[in-house]
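Enquirer: sequence plus the predicted model coming up.
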Amino acid sequence: MQACADELARSGWPDVIHHTDLHPGNAIVDASRRLRILDWDQAAVGFPCDSVMWLEVFEDREPWCQDGGSDTVKTAYLNTVPWGSPDLRSRVWSTAARIDHITSAYQSDRQNLAQERTEARGDNIIRLMTGLLQTMESTPR
């Protein structure tokens with residue numbers, strides 16, 4: 001986990017304002033065909049990929065993400081980021097996704113433990129362990 005955090009720090013990407021709850025239900029296209037993003041009550045300052053990182057978690061659950069939809073959104077998003085080369089952006093995304101998987105699983109598991117939802121707790125432990133193993137496998141030794 002520390003190696004992933006160090007890699008992100010070396011990327012030089014600045015913190016930005018991001019939505020934190022960006023999904024199709026929070027976006028509309030107005031009469032002038034301009035995209036409007038709604039529901040900014042959870043906005044925060046943080047890592048540039050945070051607004052769309054949820055695609056990594058839900059891409060197999062959302063119908064619009066299947067058949068390459070989530071990859072299309074990720075590619076379009078990364079192509080708009082003005083920092084670094086395409087290769088660096090891809091590596092930073094992968095590293096951020098590994099961290100996001102681990103922290104999301106940990107956070108969900110803590111919430112489930114507090115609410116004693118044992119059926120969900122097992123799934124989150126599996127996600128946490130999978131994220132840790134993937135991080136360990138991809139970390140240079």
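Expert: Perfect, I can see it now.
Enquirer: and after the strand or helix carrying residue 3, which helix or strand comes next?
Expert: Residue 3 belongs to helix 2-10 when assigned by DSSP states H and E. Past helix 2-10, heading to the C-terminal end, the next element that is a helix or strand (DSSP H and E) is strand 16-18.
Enquirer: pLDDT score assigned to residue 45?
Expert: Per-residue confidence (pLDDT) for residue 45: 85.
Enquirer: sorry, slip of the keys, the one I care about is residue 29.
Expert: 90.
Enquirer: count of neighbours near it?
Expert: One way to gauge burial is a neighbour count; for residue 29, by other CB atoms under 10 Å, it gives 9. All C-beta atoms are positioned from the backbone trio N, CA, C, and that covers glycine.
Enquirer: now the closest residue to it other than its chain neighbours: how far from residue 28?
Expert: When the adjacent residues along the chain are set aside, residue 29 lies closest to residue 35, with 5.8 Å between them (CB to CB, 6 or more residues apart in numbering). According to CB to CB, to the nearest Å, residue 35 and residue 28 sit 8 Å apart.
Enquirer: looking at those two, which is more packed in?
Expert: Here residue 35 and residue 28 are set side by side on neighbour count (other CB under 10 Å), and the busier one is residue 28, at 11 against 8.
Enquirer: related to what we said a few turns ago, quick one, what contacts the residue nearest to residue 29?
Expert: Under the criterion of CB atoms under 8 Å, 6 or more residues apart in numbering, the contact list for residue 35 reads 27-29.
Enquirer: over to residue 89?
Expert: By CB under 8 Å, 6+ apart, the residues touching residue 89 are 78, 81, 83.
Enquirer: where's the first one, which helix or strand?
Expert: It stands for residue 78. Taking DSSP H and E as the definition, residue 78 sits inside helix 69-80.
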